[in-house]
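*Asks:* Could you work out the structure for the sequence below:
(chains A and B)
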Amino acid sequence: MQIFLRDAAQFLPLLLQGVKFTLLVTAGSLILSTLLGLVWALMRVSGIGWLALIAKLVVNGLRGIPILVQLFYIYFVLPELGIALSALQASILGLGIAYSAYQSENFRAGIEAVDHGQIEAAQSIGMGWGMMMRRVILPQAVRIVLPPYGNIMVMMLKDSSQASTITVAELTLQGSLIASSTFKNMTVYSLVALLYLCMSLPLIGFVGWLERRFGKETRR
Amino acid sequence: MSASMIEITGVTKSFGAFPVLKGITANVNKGEVVCLIGPSGSGKSTILRCINGLESYDGGAITIDGVRVDRSQPSITGIRTAMAMVFQRFNLFPHRTALENVVEGPIFVKKEPAAQAIARGRDLLARVGLGDKVDAYPGQLSGGQMQRVAIARALCMQPKAILFDEPTSALDPELVGEVLSVMKSLAEDGMTMLVVTHEMGFAREVADRVLFLDGGVIVEQGPARDVLGAPSHPRTQDFLRRVLKPI
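*Replies:* Presented below is the predicted three-dimensional model:
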């Protein structure tokens, strides 16, 4: 135990540097995937055929390609086309785009779950499509969407480890670097696992809080 | 008689191959209360929804004060704000309080100053007997209370007419009266109303005219007393017999 603690004290600063990148990648790709996902979802429910079709093709394309391949594509192929991104930028972009497909399906399900009578009520007081979405449909869809959104957030936190494959020194990569140079596999990976838990458990708690917060007003 | 406000001329509509409206011609004058009655599937609600542009129609014309109702034209927004709608299932916004529901249209669609709309909204909620429920969410209200909020929401738009689509059909029987009495007081104040209803007592007491629809056509129309009291068409007679003595 003493050895574990001593090693932990030694490794922790390095691992915490990795935590910093894990959080950066997660936050960046979460924001990007949420915004993009909302765009795809709104295109899908816009009622405009060609917009919906484009969104559908994009979403299915993104869902059909492994995230790793998408990351490699952005990091290794784009430079050949003259678009060079840093590893951090590429990982945020790649994970953000890849996850936007899942976000989009979640948002669309939430939007379509709102009672059709709400659309009619909004139309009957003269609201256009944009105002109806903003003031009537999306606020109600948020409530439906939050639990699966929480899941996606936690999955994205963990999947940020895929950024290690394109050299982002996030937690998993830092861990494996330390482990391979010290052979203290048990100590290092226990710490890595604990650090992921330290990040994901509060996140799960935060989503629970959000659900209570948004559920309150419409409680029956 | 004053000029007619809602003019419906030869309106037809099909859902796929199934014709729901087979040439409806009718009108509603300013200040008039017209009840639409008839068996389910007769096209009553569809007409109402066409007037507000919630449904499109295939043939004929509907005009509101001379402006044609056309869902594809920008004028539809003005028509919708002028033809307020009260739904069978209330369709209140569950994430907004009673007052917020009532002032949503005036503030955000008609761009009225908020203070003015809120003052009117409070008055209207008081008028429908819900002065103490201003800050309640729909989930905290009974069906009758929700429908009265919906009526206040319609009134707050300061519409030319209100369209009621079976406003009491989703209510427990003991809550029907409170909604009907609000509607009756509106009628007494001269509000133009087109009401799809199964409440024959309300129709008899409040309506200036009653239209009986069956199979997408107006079978019979006239003063409430005549259509409900002494129907001349066998289908009207049969319908009323079944509605009034269901067993």
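*Asks:* Now do stretch B:159-173, average pLDDT.
*Replies:* Stretch B:159-173 shows a mean pLDDT of 93.
*Asks:* Show me what the longest helix seen in chain B is packed up against.
*Replies:* As assigned by DSSP state H, the longest helix anywhere in chain B is helix B:173-188. Where contact means 3 or more Cβ pairs under 8 Å, 6 or more residues apart in numbering or on different chains; DSSP states H and E, helix B:173-188 is packed against helix B:143-156, strand B:192-196, helix B:200-206. Any C-beta I mention is one placed from the backbone N, CA and C, and that applies to glycine too.
*Asks:* Now the most centrally placed residue in chain A. Nearest residue, chain neighbours left out?
*Replies:* The residue lying closest to the centre of chain A (Cα atoms, centre = their mean) is residue A:30, at 3.7 Å. Nearest residue to residue A:30, sequence neighbours excluded (Cβ to Cβ, 6 or more residues apart in numbering or on different chains): residue A:156, at 5.6 Å.
*Asks:* got the contact list for the helix or strand hosting the one you found?
*Replies:* Using DSSP states H and E, residue A:156 sits within helix A:138-159. Residues from elsewhere that reach helix A:138-159 (Cβ atoms under 8 Å, 6 or more residues apart in numbering or on different chains): A:22, A:26, A:29-30, A:33, A:67, A:95, A:99, A:102-103, A:106-107, A:109-111, A:113-114, A:118, A:196, A:199-200, A:203-204, A:207-208, A:210-211, A:214-215, A:218, B:93-95.
*Asks:* now do stretch B:26-33
*Replies:* Outside stretch B:26-33, the residues touching it (Cβ under 8 Å, 6+ apart) are B:1-8, B:34, B:47, B:160-161, B:187, B:190-195, B:206-209, B:211, B:218, B:221.
*Asks:* same question, stretch A:100-114
*Replies:* A:32-41, A:44-45, A:55, A:58-60, A:62-63, A:133, A:136-138, A:140-142, A:144-145, A:148-149, A:152.
*Asks:* distance of residue A:120 from residue A:98?
*Replies:* 37 Å (Cβ to Cβ, to the nearest Å).
*Asks:* Which one of those two is surrounded by more residues?
*Replies:* In this view residue A:120 and residue A:98 are compared by other Cβ atoms under 10 Å in any protein chain shown, and residue A:98 has more residues nearby, 24 against 18.
*Asks:* Next, the buried residues of the helix or strand where that one lies.
*Replies:* Counting by DSSP H and E, the element that carries residue A:98 is helix A:87-113. Buried residues in helix A:87-113, counted by 16 or more other Cβ atoms under 10 Å in any protein chain shown: A:87-88, A:90-108, A:110-111.
*Asks:* Over to stretch A:24-40?
*Replies:* For stretch A:24-40, by 16+ other Cβ under 10 Å, it's A:24-26, A:28-30, A:32-34, A:36-40.
*Asks:* got the residues of chain A near chain B?
*Replies:* Residues of chain A found near chain B (Cβ under 8 Å from any Cβ of the partner chain) are A:115, A:117-118, A:120-121, A:123-128, A:131, A:135-136, A:139-140, A:143, A:217-220.
*Asks:* Let's see the ChimeraX selection covering just the buried ones among those.
*Replies:* Of the residues of chain A next to chain B, the buried ones go into a single ChimeraX selection, burial set by 16+ other Cβ under 10 Å:
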select /A:118,120,121,123,124,125,126,127,135,136,139,140,143,218
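*Asks:* Please name the strands paired to the helix or strand hosting residue B:163 in the sheet, noting orientation.
*Replies:* Residue B:163 belongs to strand B:161-165 when assigned by DSSP H and E. Here strand B:161-165 has these sheet partners by DSSP bridges: strand B:83-86 (parallel), strand B:192-196 (parallel).
*Asks:* and the longest helix anywhere in chain A with helix A:138-159, angle?
*Replies:* Counting by DSSP H, the longest helix found in chain A is helix A:2-44. For helix A:2-44 against helix A:138-159, the angle between stretch directions is 140 degrees (axes from the mean of the first three to the mean of the last three Cα atoms, to 10 degrees).
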